[in-house]
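Peer 1: Need the 3D shape of this:
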Amino acid sequence: MQLALIRKDLGGITGNRNIMSVMLILPLVFTVFFPTIFILLLHFAPQETGDLQKMLELLPLSEQSGDMMRDTLRLLLNRVMPIFFMLIPIMAASVMAASSFVGEKEKRTLETLIYCPLSLKQIFQAKIFASFALSMLVSFGSFLLMVVVTQVELYLTLGSLIMPDAVWLITMLLLAPALSIIAITIIVRGSAKARTMEESQQRSIFLILPILLLIVGQFTGLMLVNAWILLALGAALAVAAVVLIRLAVRKLDYEALFR
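Peer 2: Got it, this is the predicted structure:
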């Protein structure tokens, strides 16, 4: 029965062209448009990238090859882009998660859902898993597309490739899932109380702000993320995700859904 609910939620989103276009356009901007702009700018106007010098100075000596263009590209693709990429699972998850319970309210199908042979906990879990599955599908699809596009562009402009390093492994296998679950849990829990989808989606804004601060911190040369920082952050977020799910399930009740 949970599988049927998951399929229903996934079908409702994938069948809506407007929602799918929003869910796919933003990842394309972050994983294709931005990297392409960086690569072309470094190739055709390297003098315009002087502001990145502060970031280059933060690179460990073991990662500096002496080739400024190659070091800058490696810095952008393996240090800056993973931070941008963290926005994708949050945004993808928020689109679907926001329509979970509040979507049922707007379609007047909430009462039917409540009377199905599933507990409220099972319904909540099914909606979280449906949002998580779609979020991860969008995230991994975006990552694969970014790797293919950027490697082709690097080969054409630089004559060689710059493969993703351990930072991306941590981002894809730990950070992205943890962020997705946190976003989904907060938004799905909030959508149970929200009356409109827009009201439910507003909660995702507060999840994006810390990531934007990380991006600003890198470009201003205040800090440069590495695998160890992301590993510690990912571990903390994974613990937070588990705690949030347990708290959300414990506090969810039928009365809150019909407010």
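Peer 1: Would you mind listing where the stretch 1-150 of the chain has pLDDT under the threshold?
Peer 2: 1, 16, 45-67, 97-115 (pLDDT under 70).
Peer 1: Now with 80, please.
Peer 2: 1-2, 4-6, 8-23, 42-70, 93-124 (pLDDT under 80).
Peer 1: All the helices of it, residue numbers only.
Peer 2: For the stretch 1-150 of the chain, applying DSSP state H, counting those that start in this stretch gives helices covering 2-14, 17-28, 34-44, 53-57, 68-75, 81-85, 87-97, 101-106, 110-114, 120-157.
Peer 1: what's the most buried one of these?
Peer 2: With neighbours defined as mean count of other C-beta atoms under 10 Å, the helices of the stretch 1-150 of the chain peak in mean count at helix 87-97, which reaches a mean of 27. Heads up, the C-betas are built off the backbone N, CA and C, glycines and all.
Peer 1: And for the most centrally placed residue in the chain, nearest residue in space, chain neighbours not counted?
Peer 2: Central residue check for the chain by C-alpha atoms, centre = their mean: the C-alpha nearest the mean position is that of residue 89, 2.1 Å away. In space, and not counting its chain neighbours, residue 89 is closest to residue 180: 4.0 Å by C-beta to C-beta, 6 or more residues apart in numbering.
Peer 1: Give me the neighbour count for the one you found.
Peer 2: Per other C-beta atoms under 10 Å, the neighbour tally for residue 180 reads 28.
Peer 1: ok, now how distant is it from residue 134?
Peer 2: Taking C-beta to C-beta, to the nearest Å as the measure, residue 180 falls 9 Å from residue 134.
Peer 1: Which neighbours do those two have in common?
Peer 2: 92, 93 (C-beta atoms under 8 Å, 6 or more residues apart in numbering).
Peer 1: In the stretch 151-259 of the chain, where is pLDDT below threshold?
Peer 2: For the stretch 151-259 of the chain, residues meeting the criterion pLDDT under 80 lie at 186-207, 209-210, 212, 214-225, 248-259.
Peer 1: Which residue ranges of it form helices?
Peer 2: Using DSSP H, counting those that start in this stretch, helices in the stretch 151-259 of the chain cover 166-170, 176-191, 197-201, 205-219, 227-251, 254-257.
Peer 1: can you state the direction angle for the second one and helix 205-219?
Peer 2: Regarding helix 176-191 and helix 205-219, their directions subtend 150 degrees when assessed with axes from the mean of the first three to the mean of the last three C-alpha atoms, to 10 degrees.
Peer 1: thinking again about what came up before, spit out the contact partners of the residue nearest to residue 89.
Peer 2: Contacts of residue 180 (C-beta under 8 Å, 6+ apart): 89, 90, 92, 93, 131, 132, 135, 136, 139.
Peer 1: let's go with 6 Å and repeat that
Peer 2: 89, 93, 132, 135 (C-beta atoms under 6 Å, 6 or more residues apart in numbering).
Peer 1: Out of those residues, which is nearest to residue 216?
Peer 2: For the contacts of residue 180, the minimum distance to residue 216 (C-beta to C-beta) is 20.2 Å, reached by residue 89.
Peer 1: which residues sit against stretch 234-250?
Peer 2: 121, 124, 170, 174, 175, 178, 181, 182, 185, 189.
Peer 1: Just the buried positions in it, please.
Peer 2: 234, 237, 238, 241, 244, 245, 248, 249 (16 or more other C-beta atoms under 10 Å).
Peer 1: Convert stretch 17-28 to PDB, retaining C-alpha atoms only.
Peer 2: Taking Å, rounded to 0.1, in the frame of the first residue of the first chain, the C-alpha atoms of stretch 17-28 are listed here in PDB:
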ATOM      1  CA  ARG A  17       4.800  19.700 -16.900                       C
ATOM      2  CA  ASN A  18       4.900  23.000 -15.000                       C
ATOM      3  CA  ILE A  19       6.300  21.500 -11.900                       C
ATOM      4  CA  MET A  20       8.800  19.300 -13.800                       C
ATOM      5  CA  SER A  21      10.100  22.300 -15.800                       C
ATOM      6  CA  VAL A  22      10.800  24.200 -12.600                       C
ATOM      7  CA  MET A  23      12.500  21.100 -11.100                       C
ATOM      8  CA  LEU A  24      14.700  20.600 -14.100                       C
ATOM      9  CA  ILE A  25      15.600  24.100 -15.300                       C
ATOM     10  CA  LEU A  26      17.300  25.200 -12.000                       C
ATOM     11  CA  PRO A  27      19.600  22.100 -11.900                       C
ATOM     12  CA  LEU A  28      20.500  22.700 -15.500                       C
END
